[in-house]
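Undergrad: After the sequence you'll find the predicted model.
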Amino acid sequence: MRWESLSDEHCSLARTLAVIGDRWTLLILRDAFLRVRRFEDFENSLGIARRVLSERLALLVEHGILSKVPYQERPTRYEYRLTDKGLDLYPALISLVHWGDKHYATKDGPPVLHRHLKCGHDFRSVLTCSQCAKPVHAREVAARASIPASRSRSRRAAASPG
């Protein structure tokens with residue numbers, strides 16, 4: 001599997017990685033969730049080259065994860081804001097953060113705590129079943145092909161030489 005062709009793969013993770021799968025993009029998204037919005041603020045926060053930042057922001061805008069909103073007219077300057085599609089990345093990112101807290105925090109603990117504003121408590125992310133609302137653990141899940149995926153695979157299998 002070539003990095004350049006991830007977006008063509010019949011795999012949701014591969015297609016997602018084609019858009020957000022590099023370290024700079026994930027760090028840009030982290031900052032966006034921390035309410036960083038302006039190009040210069042991303043640049044200062046990350047210490048990233050302007051060209052790389054510009055390319056990553058453009059990709060996130062192109063895929064509808066960020067929107068580019070003018071905040072000044074002369075000269076025109078823009079802010080980058082998470083769209084609904086971008087906000088949908090929160091569970092994935094917070095799970096990565098909490099995984100890092102568990103496995104890589106210093107003896108002083110995690111660098112940032114996350115407080116649930118509705119109840120006022122610090123929290124850890126938990127994956128739950130959308131049907132029964134119980135926690136889901138990796139060893140309790142079986143993956144199976146969806147109907148469209150199985151059709152696609154059978155077409156590929158039929159088309160491939162024996």
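TA: Perfect, I can see it now.
Undergrad: Break down this structure into its helices, ranges please.
TA: With DSSP state H as the criterion, the chain has helices at 12-20, 23-33, 39-46, 50-62, 84-87, 90-104, 147-159.
Undergrad: Can you say which of those helices is nearest to residue 136?
TA: helix 90-104 (11.7 Å; CB to CB). Using the backbone N, CA and C atoms, a C-beta is placed for each residue, glycine as well.
Undergrad: contacting residues for the residue positioned nearest the centre of the chain?
TA: The chain has residue 89 as the residue nearest its centroid, 4.6 Å off, counting by CA atoms, centre = their mean. Contact analysis of residue 89 by CB atoms under 8 Å, 6 or more residues apart in numbering lists 20, 29, 65.
Undergrad: Show the model's pLDDT score for the residue lying closest to the last one once chain neighbours are set aside.
TA: When you say that, I think you mean residue 65. Nearest residue to residue 65, sequence neighbours excluded (CB to CB, 6 or more residues apart in numbering): residue 86, at 4.1 Å. With respect to pLDDT, residue 86 scores 98.
Undergrad: ok now do residue 114, which residues does it touch?
TA: By CB under 8 Å, 6+ apart, the neighbours of residue 114 are 94, 97, 122, 123.
Undergrad: Please report how far it lies from residue 56.
TA: 24 Å (CB to CB, to the nearest Å).
Undergrad: ok, how many other residues are close to residue 80?
TA: 22 (other CB atoms under 10 Å).
Undergrad: Is it in contact with residue 59, as I believe?
TA: No. Using CB atoms under 8 Å, residue 80 makes no contact with residue 59, being 11.6 Å away.
Undergrad: show me the contacts for residue 45.
TA: If you count contacts by CB under 8 Å, 6+ apart, residue 45 has them with 31, 36.
Undergrad: Kindly report the same for residue 90.
TA: Contacts of residue 90 (CB under 8 Å, 6+ apart): residue 33.
Undergrad: before we move on, the earlier item: which one among the contacts of residue 114 gets closest to residue 12?
TA: residue 94 (19.1 Å).
Undergrad: ok, the residue nearest to that closest one when sequence neighbours are not counted - contacts?
TA: Nearest non-adjacent residue to residue 94, counting by CB to CB, 6+ apart: residue 125, 4.9 Å away. Neighbouring residues of residue 125 by CB under 8 Å, 6+ apart: 91, 94, 95, 97, 98.
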